[in-house]
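# when you get a sec, could you give me coordinates for this:
(2 chains)
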Amino acid sequence: MKTTLSVLVENHPGVLSRIAGLFSRRGFNIDSLAVGTTENPDISRMTIVVEGDEYVVEQVKKQLNKLVDVIKVSKISPEDSVTRELILIKVDAEPQVRSEIIHISEIFRANIVDVSRKSMTIELTGDKDKISAFEELLKPFGIKELVRTGVIAVNRGTNTIKIEEED
Amino acid sequence: MLITGAQALIKSLELEKVEIIFGYPGGAILPVYDSLNHSEIKHILTRSEQGAAHAASGYARVSGKVGVCMATSGPGATNLVTGIATAYMDSIPIVAITGQVSTAVIGRDVFQEVDITGATAPFTKHNYLIKKAEDIPRIIKEAFFIASTGRPGPVLIDLPKDIADTKIEFEYPKKITLRGYKPNIIGHPLQISRAAEAINKAKRPVICAGGGINTAGAEKELKKLAEKAHIPVVTTLMGTGAFSAKHSLYMGMIGMHGISSANKTVSVSDLIIAVGARFGDRATGKVEGFGPKAKIIHIDIDPAEIGKNVQVHIPIVGDVKQILDEMIKSVELKGSTDWNKYTDGLKEECFDDINDSYLNPVEVIRCLSNKTKGEVIITTEVGCHQMWAAQHYEFTKPRTFISSGGLGTMGYGLPAAIGAQIAQEDNMVINICGDGSFQMNLTEMATAIENNLPVKIVLFNNRGLGLVRQLQEFYCEKRYNQVHFSFVPDFVKLTESYGIKAVRIKKPEEIPKAIDSLISEKGPFLLECMVDIDKNVYPMVLNGSSINDMIGG
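Have a look, this model is predicted:
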């Protein structure tokens, strides 16, 4: 079972290694991890996809909360959220197959961001299913390289994950 | 007025009311030691950095204050590691300060450089690498706050040399803003009333008191609760002393080497009230066999402990003192029941008299317990002697059993005794040890002598590693390997060379007189008891068995 956690942390050096260290020490599995600053430059937001049953996820949440640099941990429910991932995919693209690749990319609303004589690099944003479907279709052409950012997620509607500021 | 970072550090420690630092100087921490010259804070020079960390932890355990230790960069810092990890596993508040190489050369593998914040991240509550001298006062204030509040634990502060030399305008912060650290102190009232209701309904309740009682200073509340509803009490190793061993409701220590009456009480109970205990594997045995018929109430300050090892029916997160105090109000007054009669019967079964022809370590500990009325501070190392001390010394007061429970650190007892003696000058401190553990940090006898600390040592010499030998007997079909020393020093002569009086005994009839000399000696003293290595610790619960299933119980 995969669970997406949104974690607000202090934007300090070393925080990422603390969190990665916690996962390895406690034997938790990270499926993906994406991190960047938020609207408040002092705070970073990590989106962590965790593999494990309810017990594991509960432990991950509690252990994360124990870290002094972790401000807030929230579970993101798949139904009430928008999740996206960006991938860059470099495929073999001899002139005779280019149009076919371009066609597939158009259907998926992907962008071709680089072309050379023998290859094309395509950028695609989407949820997991869309990305795997796209990857599947490009496989026959020969995937030379694939990079993904890891999932980021945000709640639907007016719900936000924010810290309750005191003072 | 501008002062250096090192001066700011010492000034901040003074403002945190630090009275004593255990440490060992070196290159990268030179500026701090230089500033310490002008301070009221006393410094105890140990004989290794590990000794300093353990002494700070012994001091913290006895006094309830934050213990402070200090070392230089590189090997100084790594030598602290065992002490820090020991404190972490037992939730002991210490602040460790390490020197670091200058910021300009961090990462270049210069002389005595090591990434100590990286190394200690898994077993510190929090740690800091100071990057700006202006941050020193804030970081010290935060470190003491984090170490001592919520579930206590060690905090490490790494101070690069150039930062220590940087001049700043000193201002100590009045407030702490840590948005990621807000321990939950007040127990949920609804959960508390549910727990009280469960206690009122229970037919066979038992309280399992852990180290959290000692930490929270909740021994009075614990006693009140137990007496009001006539509930028998067991303790974990860390909970030793939280409930007087002389109390009629006390059933003993539970666990792998728990007392039979305690293990049996838990096994047949219908309600376990675990207070400040974390259901560690050595306490529970096989989890499914731990109170198989019981509902469990779990009271702890650390939410991450709830449901970590054992499924809990009524969790309450918060300060155990506050929660117990609140809970007692709704618990009904009960007289002695059949359940009490039953548990009293269990107790009678397992306390027999010893009349051995050989020198039995258990008899030494019982004699020590009687002659000191269970009121002195006992520190231990790790091994057979530690289990015998926990089982047979009748502790009557909290914070008097000072032992490495979670990490099981050999070499802990002697330096911890030094810290303990400093924390309580007027009480007697006795380190009970074996020859294996004692040899790990025996150089700290020099620290004791140097500081006029009358630490007493009871050494069980079996010329080997008794508890490991016992494990090999049971799990390796008696294929004994590396558990017998072919050489041990003459401990009496060795001790005397430190200027410490020492006596060796070999026969049971020598015990009472030897204990008397140990107690009446004004200075430090070592009593060496020659014992057999095949003297096992019983009861023993084998790996994968439930605690009801004891060998020799």
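# and the residue of chain A found nearest chain B, what element?
Closest to chain B within chain A is residue A:62: 3.8 Å, counting by Cβ to the nearest Cβ. All C-beta atoms are positioned from the backbone trio N, CA, C, and that covers glycine. Using DSSP states H and E, residue A:62 sits in helix A:54-66.
# repeat that for residue A:78.
Using DSSP H and E, no helix or strand contains residue A:78.
# count residues in the vicinity of it, would you?
12 (other Cβ atoms under 10 Å in any protein chain shown).
# give the contact list for the closest residue to residue A:78 other than its chain neighbours.
Leaving aside its chain neighbours, residue A:78 sits nearest to residue A:4 (7.3 Å; criterion: Cβ to Cβ, 6 or more residues apart in numbering or on different chains). Contacts for residue A:4 (Cβ atoms under 8 Å, 6 or more residues apart in numbering or on different chains) come out as A:47, A:48, A:49, A:50, A:75, A:76, A:78, A:81, A:83, A:151, A:153.
# turn the residues you listed into a markdown table, including secondary structure and pLDDT.
As requested, these are exported to a markdown table (DSSP: H, G, I helix; E, B strand; the rest coil; pLDDT from 0 to 100):
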| residue | secondary structure | pLDDT |
| --- | --- | --- |
| A:47 | strand | 96 |
| A:48 | strand | 96 |
| A:49 | strand | 95 |
| A:50 | strand | 95 |
| A:75 | strand | 95 |
| A:76 | strand | 94 |
| A:78 | coil | 88 |
| A:81 | strand | 93 |
| A:83 | strand | 93 |
| A:151 | coil | 93 |
| A:153 | strand | 94 |
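# on that earlier part again, what secondary structure does the residue nearest to the residue of chain A closest to chain B when sequence neighbours are not counted sit in?
Nearest residue to residue A:62, sequence neighbours excluded (Cβ to Cβ, 6+ apart): residue B:304, at 3.8 Å. Taken by DSSP: H, G, I helix; E, B strand; the rest coil, the conformation at residue B:304 corresponds to helix.
# wait, isn't residue B:304 in contact with residue A:64?
No - if you go by Cβ atoms under 8 Å, residue B:304 and residue A:64 don't touch, sitting 9.3 Å apart.
# so for these two, which sits in the more crowded spot?
Set side by side, residue B:304 and residue A:64 show more neighbours around residue A:64, with 24 against 19, by other Cβ under 10 Å.
# what segments of the stretch 1-150 of chain B are strands?
B:2-4, B:20-23, B:42-45, B:67-71, B:94-100, B:126-129 (DSSP state E, counting those that start in this stretch).
# so which of these comes closest to chain A?
Going by Cβ to the nearest Cβ, the one of these nearest chain A is strand B:126-129, 4.3 Å.
# quick one: contacts for the residue of chain B found nearest chain A?
Proximity of chain B to chain A (Cβ to the nearest Cβ) peaks at residue B:304, 3.8 Å away. Residues in contact with residue B:304, defined by Cβ under 8 Å, 6+ apart, are A:59, A:62, A:63, A:65, A:66.
# look up the closest residue to residue B:495, ignoring the ones flanking it.
residue B:502 (4.0 Å).
# so the one you found is in which element?
Taking DSSP H and E as the criterion, residue B:502 maps to strand B:501-505.
# what average pLDDT does that strand get?
Strand B:501-505 carries an average pLDDT of 98.
# list the helices and strands that strand packs on?
helix B:491-497, helix B:511-520, strand B:525-530 (3 or more Cβ pairs under 8 Å, 6 or more residues apart in numbering or on different chains; DSSP states H and E).
# reformat those as a markdown table; add mean neighbour count.
Formatted as a markdown table, these follow (neighbours: other Cβ atoms under 10 Å in any protein chain shown):
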| stretch | mean neighbour count |
| --- | --- |
| helix B:491-497 | 17 |
| helix B:511-520 | 16 |
| strand B:525-530 | 23 |
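# got these as a markdown table, with distance to residue B:155 and mean pLDDT columns?
Listed next are the helices and strands packed on strand B:501-505 as a markdown table, based on distance: least, Cβ to Cβ, whole Å; pLDDT from 0 to 100:
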| stretch | distance to residue B:155 | mean pLDDT |
| --- | --- | --- |
| helix B:491-497 | 36 | 98 |
| helix B:511-520 | 37 | 98 |
| strand B:525-530 | 35 | 98 |
